[in-house]
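**Q** Sequence and predicted structure, then a few things I'm wondering about:
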Amino acid sequence: MFKKDDICYILENNMNVRKARVSARQGKFYVIQLVGSCGAIRLPESRLFKTEQEAWDSQKREPVHVSNDYGYIDVFNGKRTNRAPKRDI
């Protein structure tokens, strides 16, 4: 549980940890202001962390599978050049 003017940390986009200050509590949500930013956002308590390390530990680390196989045949394979096509005038 956080109180007004407490410092907390949030994990943005599962990539960046940001420091924030608690402005108020509204039901199950907290109004926080990111340090160095104007404005405020509402987040549930589950998204707020007491330490920066807790925020990093909550990061979801799922393996990412990247596939470049789009299922089509490359008709220009081996025929690409860095010049414009010839024009018959």
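**A** Yes, it's here. Numbering: from 1, shown residues only.
**Q** Report the contact partners of F49.
**A** C8, Y9, I10, L11, A55, S58 (CB atoms under 8 Å, 6 or more residues apart in numbering). To be clear about C-beta, it is placed using only N, CA and C from the backbone, and glycine gets the same treatment.
**Q** tell me the contacts of the residue nearest in space to the middle of the chain?
**A** Centroid-nearest residue in the chain: N13, 2.1 Å away (criterion: CA atoms, centre = their mean). Applying CB under 8 Å, 6+ apart to N13 gives no contacts.
**Q** list the buried ones in stretch 40-55?
**A** By neighbour count on 16 or more other CB atoms under 10 Å, the buried set for stretch 40-55 is R47, L48, F49, A55.
**Q** scratch that, stretch 6-24 is what I was asking about
**A** Buried, per 16+ other CB under 10 Å, within stretch 6-24: C8, Y9, I10, L11, V17, R18, A20, R21, V22, S23.
**Q** Stretch 22-34 too?
**A** V22, S23, Y30, I32.
**Q** pLDDT score assigned to the last one?
**A** When you say that, I think you mean I32. I32 is assigned a pLDDT of 96 by the prediction.
**Q** Please identify the pairing partners of the helix or strand containing it and their relative orientation?
**A** For I32, the enclosing helix or strand under DSSP states H and E is strand 29-34. Partner strands and pairing direction for strand 29-34 (DSSP bridges) are strand 16-26 (antiparallel), strand 41-44 (antiparallel).
**Q** Let's see that strand as PDB, backbone CA atoms only.
**A** Once non-C-alpha atoms are left out, strand 29-34 reads as follows in PDB (Å, rounded to 0.1, in the frame of the first residue of the first chain):
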ATOM      1  CA  PHE A  29      -6.200   2.800  -8.500                       C
ATOM      2  CA  TYR A  30      -3.400   5.200  -7.700                       C
ATOM      3  CA  VAL A  31      -2.800   8.500  -9.400                       C
ATOM      4  CA  ILE A  32       0.900   8.800 -10.100                       C
ATOM      5  CA  GLN A  33       3.100  11.500 -11.600                       C
ATOM      6  CA  LEU A  34       6.200  10.400 -13.500                       C
END
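**Q** contacts for that strand?
**A** By CB under 8 Å, 6+ apart, strand 29-34 touches 2, 8, 10, 18-25, 39-45, 48.
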